[in-house]
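[1] Need coordinates for the below:
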Amino acid sequence: MRVSSSRLQLAGWFFVAVGVGLVLPALLAPSLLDAVYGLVRTGTPLAAPLDASARFGAALAGALTLGWGWCILTVGAGRPFPTALRHGVLAWFVADSAASLLLGFGGNAVSNLGFVLVTWWATTAVTVPTTADPSPRV
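    Okay, the predicted model is just below:
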């Protein structure tokens with residue numbers, strides 16, 4: 001089934017923007033990331049700038065959000081779900097692995113390859129029904 005929706009595309013772009021908004025400051029501008037955390041944090045302010053582990057966590061959260069956003073955006077553009085899932089996983093993989101390597105967590109980048117390979121293996125075996133195929137009974 002193909003879905004085309006401006007709402008899905010808008011939501012996808014929102015998630016992509018939030019993801020990029022976490023990944024880039026974590027990698028390139030830690031003081032900006034501190035400011036982002038300062039805006040959304042409740043309770044006592046941060047006592048010191050975020051350390052490498054906290055930056056890594058923010059980058060991973062951003063990469064995951066970016067990947068979901070790209071998947072939603074691709075579905076909203078009318079692509080079949082297996083294609084959208086592959087696109088989302090690729091977007092996540094690039095952002096997550098780049099952050100892992102740049103922040104000194106290279107082992108995580110290597111382990112990410114497993115997720116990409118399993119996703120590709122699983123989605124290449126999927127057949128996408130056409131409008132000529134009968135709908136399954138529920």
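
[2] nearest spatial neighbour of W92, skipping sequence neighbours?
    G67 (2.8 Å; C-beta to C-beta, 6 or more residues apart in numbering). Heads up, the C-betas are built off the backbone N, CA and C, glycines and all.

[3] Check the offset of the host helix or strand of the one you found from the chain's centre.
    Assessed by DSSP states H and E, G67 sits inside helix 52-76. The chain centre lies 3 Å from the centre of helix 52-76; the measure is C-alpha atoms, centre = their mean, to the nearest Å.

[4] And for the following helix or strand past it, what's in contact with it?
    Per DSSP H and E, the first helix or strand lying C-terminal to helix 52-76 is helix 81-102. Helix 81-102 is contacted from outside by 16, 19, 23, 26-27, 56, 59-60, 62-64, 66-72, 74-75, 79, 105-109, 112, 115-116, 119-120, 123-124, 126, 128, using C-beta atoms under 8 Å, 6 or more residues apart in numbering.

[5] could you flag which of those are buried?
    Neighbour-count burial (16 or more other C-beta atoms under 10 Å) is assigned, among the contacts of helix 81-102, to 16, 19, 23, 26-27, 56, 59-60, 62-64, 66-72, 74-75, 79, 105, 108-109, 112, 116, 119, 123.

[6] And for V110, the neighbour number?
    12 (other C-beta atoms under 10 Å).

[7] now swap in R7 and tell me
    When neighbours are defined as other C-beta under 10 Å, R7 has 9 of them.

[8] what's the helix or strand for it?
    Using DSSP H and E, R7 maps to helix 6-28.
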